[in-house]
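Peer 1: below are the sequence and a predicted model; questions follow.
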Amino acid sequence: METATTALTFRDATEADVDELVALIESAYRGDDSRAGWTTEADILDGQRTDPEGVLEVIKSPDSRLMAVEREGRIVACCQLEHQGDHAYFGMFAVSPLLQGAGLGKVIIAEAERQARAAWGVREMQMTVISVRDDLIAWYERRGYRRTGRMTPFPYGDERFGVPQREDLQFELLVKELA
């Protein structure tokens, strides 16, 4: 029986992947396509989630990797890992909306944590999540992340991050100790 996690390949994204990655990230978070999955931000943000320049910046950064996850030669998910001293930052996480809810995200985040420990010897993974995303935060808590209550402002007025549909957006830092 084939599952969402059947025959996954994890690799570092390249410049040739940029357009496919932007399309994937946008489909997971913005617009009507994102409503097929549960990670949509379409009700709180319009506009773009990322752009080719932002994705390319992550790919080219010496302290960062953008992990592409393929199945049958197609990128179905991705995530950013950035080395920040004694911890790693986890971001730009996207799973194809048509594959969400089948366990793929759990497999990817576990592999990202494993790779961050192996590559950089970090003992903690950090991420920021829009604080009103209760369902998403609960999903991360089930993976061992904890809320810190430490907030940073949403970049209102910078449309590279989207066009907010509400006034109360901010990012909360989530952390997980890595064994």
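Peer 2: Great, that's in hand. Residues are numbered from 1 along each chain as shown.

Peer 1: packing partners of the host helix or strand of residue 115?
Peer 2: Applying DSSP states H and E as the criterion places residue 115 in helix 104-120. Helix 104-120 sits against strand 8-12, strand 64-71, strand 74-84, strand 87-95, strand 124-130, with contacts defined as 3 or more CB pairs under 8 Å, 6 or more residues apart in numbering; DSSP states H and E. Where you see a C-beta, it was placed from the backbone N, CA and C, and this is true even at glycine.

Peer 1: residue contacts, the most centrally placed residue in the chain?
Peer 2: Nearest residue to the geometric centre of the chain (CA atoms, centre = their mean): residue 93, 1.4 Å. Taking CB atoms under 8 Å, 6 or more residues apart in numbering, we find residue 93 in contact with 77, 78, 79, 80, 105, 108, 109, 127.

Peer 1: nearest to residue 179 among those residues?
Peer 2: residue 109 (14.2 Å; CB to CB).

Peer 1: what's the neighbour count on the closest residue in space to that closest one that isn't next to it in sequence?
Peer 2: Leaving aside its chain neighbours, residue 109 sits nearest to residue 143 (5.7 Å; criterion: CB to CB, 6 or more residues apart in numbering). Neighbourhood size, residue 143 [other CB atoms under 10 Å]: 14.

Peer 1: report the residue spans of the protein with pLDDT below the cut-off.
Peer 2: For the chain, the stretches with pLDDT under 70 are 1-5.

Peer 1: now with 90?
Peer 2: Scanning the chain with the threshold set as pLDDT under 90 gives 1-7, 27-49, 102, 157-165, 179.

Peer 1: in stretch 154-162, what's buried?
Peer 2: 154, 161, 162 (16 or more other CB atoms under 10 Å).

Peer 1: the second one contacts residue 171, correct?
Peer 2: Pointing back at residue 161 there. No. Look at residue 161 against residue 171 with CB atoms under 8 Å: they stay out of range, at 10.2 Å.

Peer 1: now the common contact residues for the two.
Peer 2: By CB under 8 Å, 6+ apart, the residues touching both residue 161 and residue 171 are residue 154.

Peer 1: before we move on, the earlier item: quick one, which of the helices and strands packed on helix 104-120 is packed in tightest?
Peer 2: Most buried of the helices and strands packed on helix 104-120 by mean neighbour count (mean count of other CB atoms under 10 Å) is strand 87-95; its value is a mean of 22.

Peer 1: so what strands line up beside that one?
Peer 2: Using DSSP bridges, the strands paired with strand 87-95 are strand 74-84 (antiparallel), strand 124-130 (parallel).
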